[in-house]
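[1] Build me a model:
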Amino acid sequence: MTVFLVIALVLAMAATLFALIRGIVAFLQTTKEDLNAPEGSGPSPARLKQNKMMMNRILFQAAAVIIVALLLLMKGNG
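    I've put the predicted structure just below:
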């Protein structure tokens, strides 16, 4: 079980890093037109992609923290 959790932890950390990098790239690709969009026109596709990538990062980080907590609980009991 520990081996499975360690592999899952590595995958969650890799997914977190991937989502972080994609979010930063999406942020850097923001154009001046995206920033100067009229009020009430809604979020641009670039902003939606940024938000999606950063939300994925938070979810993957949460998964990694839960896996670490499970590993610590197993270590304390064993």
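
[2] Only C-alpha atoms from now on, for both contacts and neighbour counts.
    Will do.

[3] Can you show me the helices along this structure?
    Using DSSP state H, the helices of the chain run over 2-28, 32-35, 45-77.

[4] Identify each buried residue in the first one, please.
    Residues 8-9, 12-13, 15-16, 18-20, 22-23, 26-27 are the ones in helix 2-28 that count as buried (16 or more other CA atoms under 10 Å).

[5] quick one: the residue nearest to the spatial centre of the chain from Glu39, how far?
    Closest to where the C-alpha atoms of the chain average out (CA atoms, centre = their mean) is Arg57, at 0.6 Å. According to CA to CA, to the nearest Å, Arg57 stands 28 Å off from Glu39.

[6] Likewise for Leu11?
    To Glu39, Leu11 is 40 Å away according to CA to CA.

[7] cool, and Phe18?
    For Phe18, the distance to Glu39 (CA to CA) stands at 32 Å.

[8] Student question: in this structure, what's the helix or strand with minimum average pLDDT?
    Least confident helix or strand of the chain, by mean pLDDT, DSSP states H and E, is helix 32-35 with a mean of 71.

[9] quick one: contacts of that helix?
    Residues outside helix 32-35 that contact it (CA atoms under 8 Å, 6 or more residues apart in numbering): Ser44, Ala46.

[10] Kindly report the same for stretch 16-25.
    Contacts for stretch 16-25 (CA under 8 Å, 6+ apart): Lys49, Gln50, Asn51, Met53, Met54, Asn56, Arg57, Ile58, Phe60, Gln61.

[11] Quick check, the second one in contact with Ala26.
    Yes - here Gln50 reaches Ala26: they are 5.6 Å apart, a contact under CA atoms under 8 Å.

[12] list the contacts for Ala15?
    Arg57, Phe60.

[13] of the contacts of stretch 16-25, buried ones?
    Buried members of those, scored by 16+ other CA under 10 Å, are Lys49, Gln50, Met53, Met54, Asn56, Arg57, Phe60, Gln61.

[14] ok, and the closest non-adjacent residue to the fifth one?
    Distances taken as CA to CA, 6 or more residues apart in numbering put Ala19 closest to Asn56, at 6.3 Å, once the chain neighbours are dropped.
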